[in-house]
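Trainee: Next comes the sequence, and after it the predicted model I'd like to discuss.
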Amino acid sequence: MIPRQRIGYASNDTAVVEALCRPVGIRQRPIVEFFFARSAPSRSLQSLNSDPQRMIDHLRQKWNARYADAEGPGEPAAVLAENLHLLPHGGAALDLACGLGANACLLARRGLETSAWDVSDVAIERLTERAEAQGVTVHVQVRDVAACPPEPASFDVIVVARFLERDLANAIMQALRPGGLLFYQTFVRDAVDPGIGPPDPTYRLAVNELLALFRPLQVIVYREEGTVGDTSRGFRNEAMYIGRKASGGSARGARPGHPVFDTRYWLYVPD
């Protein structure tokens with residue numbers, strides 16, 4: 001999924017936030033919900049100077065248009081498709097910022113209880129149709145994962161593809177159950193073709209950055225070839241990472257200066 005900037009609306013009034021997160025129905029199927037969160041990085045506070053509902057609707061329409069125009073459902077990320085042998089035989093899996101859900105459908109076909117979250121209701125609708133056509137079950141939610149990350153110890157597998165929100169690193173690690181696996185793949189700055197992926201380097205990985213972001217996890221697979229050697233071959237423009245949470249402990253990375261979480265209510269929307 002294409003990385004996105006965020007703007008925030010903060011309020012201690014739950015009624016305000018709930019009004020901004022009204023349930024959304026897709027073709028009369030009560031399968032999609034908006035979620036609101038009680039925690040977010042405090043340094044990310046930004047206020048909306050205009051009507052927040054209008055701004056949210058505008059940004060959602062922007063991303064919905066992009067997914068509506070997308071040709072085909074796309075392919076699963078290489079980090080997952082090339083390493084299916086590492087998946088557990090069962091358990092709960094999450095396709096985080098799932099887009100059109102190629103990874104989610106693959107996880108479901110492998111027998112995992114699969115959830116898929118994205119901020120775009122158009123993407124979720126197309127994913128739902130795809131899952132039904134393939135005869136698999138995917139539990140979908142329209143959900144801004146930056147504002148509403150997964151709960152601690154809730155998944156055995158988490159897949160993140162072409163989405164980069166650095167402040168989510170700790171929440172993602174905490175969401176893994178003991179022995180759980182994180183599959184991550186996204187764009188790098190040291191790219192053979194800089195035209196592939198986001199133009200803003202903020203939304204690209206620095207060299208070995210995934211190793212630093214998820215340092216508490218055991219590295220199972222890592223591949224980042226940059227521009228070394230014969231650039232017509234190999235895995236280029238992206239990095240892939242698979243990490244495993246220790247079987248008996250926390251993977252919280254106590255990095256100095258990492259933002260703490262406050263108790264205000266937040267809603268984030270993409271730009």
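Mentor: Looks like it arrived, so ask away.

Trainee: Can you list the strands that the strand ranked longest in the chain pairs with?
Mentor: As assigned by DSSP state E, the longest strand anywhere in the chain is strand 176-187. Here the strand partners of strand 176-187, with direction, are listed using DSSP bridges: strand 155-161 (parallel), strand 238-244 (antiparallel).

Trainee: Adding mean neighbour count, write those out as CSV.
Mentor: (Glycine included, C-beta is placed from N, CA and C.) Conversion of the strands paired with strand 176-187 to CSV gives the following (neighbours: other Cβ atoms under 10 Å):
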stretch, mean neighbour count
strand 155-161, 24
strand 238-244, 23
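
Trainee: out of the ones you listed, which comes closest to Gly197?
Mentor: Of all those, strand 238-244 sits nearest to Gly197, with 7.6 Å by Cβ to Cβ.

Trainee: which residues touch the closest one?
Mentor: Outside of strand 238-244, the residues that reach it under the criterion Cβ atoms under 8 Å, 6 or more residues apart in numbering are 77-79, 83, 86, 162, 179-188, 197, 205, 209-211, 214, 217-224.

Trainee: Pull out the buried members of those residues.
Mentor: Buried positions within the contacts of strand 238-244, assessed by neighbour count (16 or more other Cβ atoms under 10 Å), are 77, 79, 83, 162, 180-188, 197, 205, 209-211, 214, 217, 224.

Trainee: did I read that right, Pro198 in a strand?
Mentor: No. Secondary structure assignment places Pro198 outside any strand; it is coil (DSSP: H, G, I helix; E, B strand; the rest coil).

Trainee: returning to that earlier point: mind giving me a markdown table with the strands paired with strand 176-187 and columns for mean pLDDT?
Mentor: Shown next, in a markdown table, are the strands paired with strand 176-187 (pLDDT from 0 to 100):
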| stretch | mean pLDDT |
| --- | --- |
| strand 155-161 | 98 |
| strand 238-244 | 98 |
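
Trainee: now for these, which one comes closest to Val228?
Mentor: Val228 lies closest to strand 238-244 among the strands paired with strand 176-187, at 12.9 Å (Cβ to Cβ).

Trainee: dump the residue contacts of Phe183.
Mentor: Taking Cβ under 8 Å, 6+ apart as the definition of contact, the neighbours of Phe183 are Ala77, Val79, Leu80, Asn83, Val157, Ile158, Val159, Val160, Ala161, Met240, Tyr241, Ile242.

Trainee: Same check on Trp117?
Mentor: Trp117 sits in contact with Leu94, Asp95, Leu96, Ala97, Cys98, Val140, Gln141, Val142, Arg143, Val145, where contact means Cβ under 8 Å, 6+ apart.

Trainee: I'd like the distance between the fourth one and Ile172.
Mentor: Meaning Ala97. According to Cβ to Cβ, to the nearest Å, Ala97 and Ile172 sit 11 Å apart.

Trainee: and the longest strand of the chain, what's its mean pLDDT?
Mentor: Across strand 176-187, pLDDT averages out at 98.

Trainee: Kindly report the same for stretch 66-86.
Mentor: Per-region confidence: stretch 66-86 scores 91 on mean pLDDT.

Trainee: Can you add distance to Pro149 and give the contacts of Phe183 back as a markdown table?
Mentor: Below are these laid out as a markdown table (distance: Cβ to Cβ, whole Å):
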| residue | distance to Pro149 |
| --- | --- |
| Ala77 | 20 |
| Val79 | 20 |
| Leu80 | 20 |
| Asn83 | 24 |
| Val157 | 16 |
| Ile158 | 10 |
| Val159 | 15 |
| Val160 | 11 |
| Ala161 | 17 |
| Met240 | 22 |
| Tyr241 | 18 |
| Ile242 | 20 |
